[in-house]
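Student: Here is a sequence together with a model predicted from it:
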Amino acid sequence: MRKLIAASVLALATGVSGGASAEPVKVGLITTLSGGGAGLGIDARDGFLLALKNAGDAAAEIEVVTEDDGQKPELAVQIADKMIQSDQVDILTGIIWSNLAMAVVPGAVAQGKFYISVNAGPSALAGSQCNENYFNVAYQNDNFHEAMGQYANETYRKTFIMAPNYPAGTDSLTGFKRYYKGELAGEIYTQVGQTDYAAEIAQIRASGADSLFIFLPGGMGIAFMKQYAQSGVDIPVIGPGFSFSQDVLPAIGDAALGVKNSASWAKDLDNDASRTFVETFQAEYGRLPSIYAAQAYDTGNLIVSAAARASVKDAAAFRAALKEAGFDSVRGKFSFNTNNHPIQDIYVREVVKEGDVLTNKIIGTAFTDHKDAYAEQCPLK
Amino acid sequence: MTISRETAVGIGLVLILLAIPYAAIELGKPFYVTLATRMAILALAAVGLNLALGLGGLVSFGHAAFFGIGGYAAGILASHGFSGQPLDFGLFSLPGTTMMPAIWVVAVAAGGLLAAVIGAISLRTSGVYFIMITLAFAQMTYYFAISWPAYGGEDGLSITLRNAFPGVNTLVPINFFLICYGLLAAALVLFALTRDSRFGAALQAARQNEVRVATVGIAPYRIRLAAFVISGMVTALAGALYADLNRFVSPSMLSWHMSGELIVLIILGGVGRLAGPVAGAMLFVLFEFLLGGLTERWQFFLGLALLGVVLFARGGLVGLLVGRPRHG
Amino acid sequence: MQTALFIEQMLNGLQLGVMLFLMAAGLTLIFGVMGLINLAHGSLYMVGAFACASAAAATGSFWAGLAASLAAAAAAGAIVEILVIRRLYRRDHLDQVLATFALILIFSEGTRWLFGSFPLYLDIPPLLQGTVSLPGGSRYQLYRLAIIGVGIAVAVALFLLIAKTRLGMRIRAGESDREMIGALGVDIRTLYTLVFALGAALAGLAGALVGALQSVQVGMGEPVLILAFVVIVIGGIGSIKGALVGAVIVGVTDTMGRFLLPQLFGLLMPPSQAGLVGGALASMLIYIVMAVVLAVKPQGLFPAAKG
């Protein structure tokens, strides 16, 4: 079924653009495959490769070189230089972390390559430093936080907010406050990589808040949620989907149950692309996909769709083909804004238990056709 | 002084490093120029550390602090130079710049100043205390860089365009390599001169027998502090170049893994040897690059290789090539 | 309410301190007896946490996991000592730093090889779930109180072990004169392996206890290791008493700094600014304390008998 759609889309595309032949496309996938953050990178890699596999013949001419950045910016830059200079890739993708993206993207696009982000969406690259060759398939970093701010307005009046003391953390709280209209019961910045949150939980307990918004990605979120559940504080938790994604839910355990979080996708989203993705991902890798896998899957499909419409050697045509976003997104509707960042719906999800497995279920929509706040600062039209 | 076997090996290694980028261009593998530049810069950083560690016996586990401050000097000056806004220090202000020589002066001064502060406190201790206190100071600068929002915090700071050098187009990889290589050569000469000077003799004597040095009226503390400051300056210079190589600087340059890697370079090459850091950096970068391309588990094998060197090949690469243990 | 919050934060600081003590005690013991600086101590902490999480997942019992963590960490410690560490006693600190740095790489990547890249799940045992009332009307987590209890018990047991038992006598003898004890016919190789395994088991215990509160993942040992170094430098390397005092100082300073500094800056500037500046200073606070202690007492607060 899925293949049939892909094939007909392909036929349509080649029929329309005529000239585009199956020109080989070389993609450099730089992601984190070792160290503490490896789980995210592995999900992104697997999602990306699955998209190419599912596309079948349409992806036959797409070659992928994968390398591990070890979550180190200088290593990522070195690998990017190598892929551009030695492997002669046309497109770079795969980076999870904003600090690595900030190190790699400006250099890559300056050398005339395409960069298509599967996850990181730092505000600078959406605003003043945007580039016609930089596309972001995931989100601008603030989006999920903004969605939670919007959601909090529905029920809460006094929210306590907390994030790590680094740029993504400050952006998070700024994004939340951009839409949240209630009063703040407190605002804490924690240490990056912090593992013990007893001190913060004590302050939350004493604050009289009616809700708690946290942005604590990876191990930080796992540690916090376990400690919070044990502390006996029963203020409801809300947060962006990163801390409650499929990769960390098993490690948090039941402590995550009932948490409301925001994301552009969940595995119960009702569309064909999403269903195919979840089924084939589980069949291929034996686990449920996270949002990182979903975004990378969309990235893979975006490249397949663009390659069918234009030759990557013709930068202007390929850019236009990317911008069309002519692929079936697992998120349903998907299009690019003027700054090459997504216009998409952002959902509110709840952590639930299906059998023994913790997962997310969509319970509402925070934003419809949401755009990021930085597009105005981007000179692209 | 006759040319010893060690000197010959050293000269040979330095020449090989020079030959790599030219060979790479001949063979149509331009990326290896970048790799050779990385080798030269890391070697320069390790030459700096070798002054303190090899000659003075000061096992600093915090040299990433100097490497990083050099990198930030380059990044901050370049970003101000690019935007045209001067750096405001309250009482006075400095214009930003994108000229490498000016950046180097600031990087070296900043590295020296930081080394003077850290050294003044750390050198009151010795042995394991010294290792750990230098580590802790480096951690302090690391956390400061992460949580200080003005220059990107953990996201780091991008350098839009590689900084300029009068009369040279630094954007051409081989030109930038030659600049780095020239500075490395100068640092090696500085190291050799220091080693053979009265100051160097006193420093090495203080490492071997502190009491004896003190009895002839030399204060080991001041000698060591001077060596530590020079060491910090050289490593900071390397940091500034490293930022320009990556067109990017971030707190990871200050992390304790970086300090560990610098020590690893020296041991791989051979402690206290003139060409030790060069050999170590060449070996390390090559190892990281080749193994990283082969397997995700490259760190596992890197660990095994390091362990092998420490346990069974104590003189490092230069030691193996020269064929006798360094005495003293 | 402020007093209750203050008491709660002091307990939090104490709990962090006690956990650091478990790490620092092993480090300082190994240094005191064998003169070895062990960077891979954080890896043994990680081994303990992973062993506990996987044994608890297999058996369904946290207590089985705890036993597994002690056994696995002690065994890993003994194996590493016999294969690698043993060759390092006569080397200088530089070689020790490098070899144990290499061990970190091997342990981290090896663990990821065995257990995969995703964090493991470990929960607090049912017996210790929930909270207890504190004077002043606040509530405190039972499990954290239990950690404080375990830490105090370990501290007492260590003092008794070293002061009263034959093994302790040998450890003390080893600390004061390494050659002498060999000459007296004590099997020094076995003694060293035992001490190393004991230190490893303490680190593994800390890893398992904390694993239930935090995330069991590769690299979890490194931040703790650096804190434990700060502890033993402040306390005086080689001194168990110093490790205890240093651990409590670091635990309380860190926790109270994170709690009080943003409030202090809040008097001077708007809350989000205060949070940023206070948070930044709090993250550096223990290092500043350490620098001050060493500036006054270069050998730490309780210098061991021998430099």
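Tutor: Thanks, I have it. Numbers count the residues shown, from 1 in each chain, chains lettered A, B, ... in the order given.
Student: in chain A, which spans are strands?
Tutor: With strands called from DSSP state E, chain A shows them at A:25-31, A:62-68, A:91-93, A:114-117, A:134-136, A:158-164, A:183-190, A:211-214, A:237-240, A:260-263, A:335-336, A:342-354, A:357-370.
Student: Report the angle between the longest one and strand A:342-354.
Tutor: Angle of strand A:357-370 versus strand A:342-354, following axes from the mean of the first three to the mean of the last three CA atoms, to 10 degrees, is 160 degrees.
Student: ok, and what's touching strand A:357-370?
Tutor: Here strand A:357-370 makes contact (CB atoms under 8 Å, 6 or more residues apart in numbering or on different chains) with A:143, A:146-148, A:150-151, A:241, A:244-246, A:249-250, A:252-254, A:256-257, A:260-263, A:266-269, A:288, A:333, A:343-353. Bear in mind the C-beta positions are built from the backbone N, C-alpha and C, glycine included.
Student: and the next element down the chain from the least confident helix or strand in chain C by mean pLDDT?
Tutor: When the helices and strands of chain C are compared on mean pLDDT, DSSP states H and E, helix C:178-183 comes out lowest with a mean of 67. Once the chain leaves helix C:178-183, the next helix or strand it forms, by DSSP states H and E, is helix C:188-211.
Student: What is that following helix packed up against?
Tutor: helix C:2-34, helix C:41-59, helix C:62-83, helix C:142-164, helix C:166-176, helix C:178-183, helix C:221-235 (3 or more CB pairs under 8 Å, 6 or more residues apart in numbering or on different chains; DSSP states H and E).
Student: for those helices, which one sits closest to chain A?
Tutor: helix C:2-34 (3.7 Å; CB to the nearest CB).
Student: Do any residues in the closest one lie close to chain B?
Tutor: Yes: Helix C:2-34 reaches chain B (CB under 8 Å from any CB of the partner chain) through C:F31.
Student: I'd like to check the angle between that helix and helix C:221-235, please.
Tutor: 80 degrees.
Student: where along chain B do the strands fall?
Tutor: Going by DSSP E, chain B shows strands at B:87-88, B:93-94, B:157-158, B:248-249.
Student: From chain B, how far off is A:D328?
Tutor: In this structure, A:D328 and chain B are 31 Å apart, going by CB to the nearest CB, to the nearest Å.
Student: Before we move on, what's the pLDDT of the residue located most distally from the centre of chain A?
Tutor: Taking CA atoms, centre = their mean, the residue of chain A most remote from its mean C-alpha position is A:A206, at 34.3 Å. We have a pLDDT of 87 for A:A206.
Student: Distance check, it against chain B.
Tutor: With CB to the nearest CB as the criterion, A:A206 and chain B are 24 Å apart.
Student: And the closest residue to that residue other than its chain neighbours, how close does it get to C:L134?
Tutor: Among residues not flanking A:A206 along the chain, C:L5 sits closest, at 4.7 Å (CB to CB, 6 or more residues apart in numbering or on different chains). Separation of C:L5 from C:L134 (CB to CB, to the nearest Å) stands at 10 Å.
Student: Looking at these two, which is more packed in?
Tutor: C:L5 (18 against 15; other CB atoms under 10 Å in any protein chain shown).
Student: which residues touch the more buried one?
Tutor: Neighbouring residues of C:L5 by CB under 8 Å, 6+ apart: A:202-203, A:205-206, C:138.
Student: From B:A186, how far off is it?
Tutor: C:L5 sits 58 Å away from B:A186, going by CB to CB.
Student: got the residue ranges for the helices in the stretch 51-200 of chain A?
Tutor: With helices called from DSSP state H, counting those that start in this stretch, the stretch 51-200 of chain A shows them at A:73-85, A:98-110, A:123-126, A:143-155, A:167-179, A:198-207.
Student: Now do the fourth one and strand A:158-164, the angle between them.
Tutor: It refers to helix A:143-155. 160 degrees.
Student: Which neighbouring elements make contact with helix A:143-155?
Tutor: Secondary elements touching helix A:143-155 (3+ CB pairs under 8 Å, 6+ apart): helix A:167-179, strand A:211-214, strand A:237-240, strand A:260-263, strand A:342-354, strand A:357-370.
Student: what's the answer for the first one, then?
Tutor: In terms of contacts (3+ CB pairs under 8 Å, 6+ apart), helix A:73-85 is packed against strand A:25-31, strand A:62-68, strand A:91-93, helix A:98-110, helix B:31-50, helix B:220-246, strand B:248-249.
Student: Adding distance to C:A99 and mean pLDDT, write the strands of chain B out as TSV.
Tutor: Output for the strands of chain B, formatted as TSV (distance: least, CB to CB, whole Å; pLDDT from 0 to 100):
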stretch	distance to C:A99	mean pLDDT
strand B:87-88	43	76
strand B:93-94	44	77
strand B:157-158	35	84
strand B:248-249	31	90
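Student: Just say which of these is most tucked in.
Tutor: Sort the strands of chain B by mean neighbour count, taking mean count of other CB atoms under 10 Å in any protein chain shown, and strand B:248-249 sits at the top with a mean of 30.
Student: show me what contacts A:I62?
Tutor: A:24-25, A:27, A:52, A:303-304, A:307.
Student: and it, what are its bridge partners?
Tutor: Listed beta-bridge partners, A:I62: A:V25 (assigned using DSSP bridges).
Student: Count the residues that sit near B:L290.
Tutor: Neighbours of B:L290 (other CB under 10 Å): 10.
Student: Grab the nearest non-local neighbour of C:D254.
Tutor: C:I286 (5.3 Å).
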